[in-house]
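**Q** let's see this in three dimensions:
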Amino acid sequence: MRFSPFSVRTGGDWRRWYGVRDLLLFGSMARGEATETSDVDLIVEFDPDRITLPTFLDFTDDLESLLGRRVDVVSLKKLTPRLRAQVEADAVRIA
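**A** Now for the predicted structure:
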């Protein structure tokens, strides 16, 4: 088993630990167009009763450490309708 801050901090139950309800990959990674320098674009929906700014920052930092890439996290609720349609077109549910 590969240990990372992500798995150590959460004991492997990261969805519950961070309050993640839905996780989707989009952008170049989802389209199979990523390069060595591409970031990871994620749509994350958190349980509103569980998410705090420190938890959000820990989630992002831990994912970046685990993946070795920059991670951009967005919420569908915060996107304009046009951008939301573009994002949803190539989004892939990963958890």
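**Q** only C-alpha atoms from now on, for both contacts and neighbour counts.
**A** Will do.
**Q** quick check: next helix or strand after the helix-or-strand element of the chain with minimal mean pLDDT?
**A** Least confident helix or strand of the chain, by mean pLDDT, DSSP states H and E, is helix 5-10 with a mean of 54. For helix 5-10, the succeeding helix or strand toward the C-terminus, using DSSP states H and E, is helix 14-18.
**Q** then that next one to PDB, C-alphas only?
**A** What follows is helix 14-18, C-alpha atoms only, in PDB (Å, rounded to 0.1, in the frame of the first residue of the first chain):
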ATOM      1  CA  TRP A  14     -11.300  10.000   2.500                       C
ATOM      2  CA  ARG A  15     -14.900  10.600   1.300                       C
ATOM      3  CA  ARG A  16     -16.200  10.600   4.800                       C
ATOM      4  CA  TRP A  17     -13.200  12.400   6.300                       C
ATOM      5  CA  TYR A  18     -13.500  15.400   3.900                       C
END
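**Q** and for K78, the neighbour number?
**A** As a burial measure, K78 scores 9 neighbours (other C-alpha atoms under 10 Å).
**Q** next one: L25
**A** Quick note: L25 (other C-alpha under 10 Å) scores 22 neighbours.
**Q** for D13, same thing?
**A** 12.
**Q** how near is it to V20?
**A** Distance, D13 to V20, using C-alpha to C-alpha, to the nearest Å: 10 Å.
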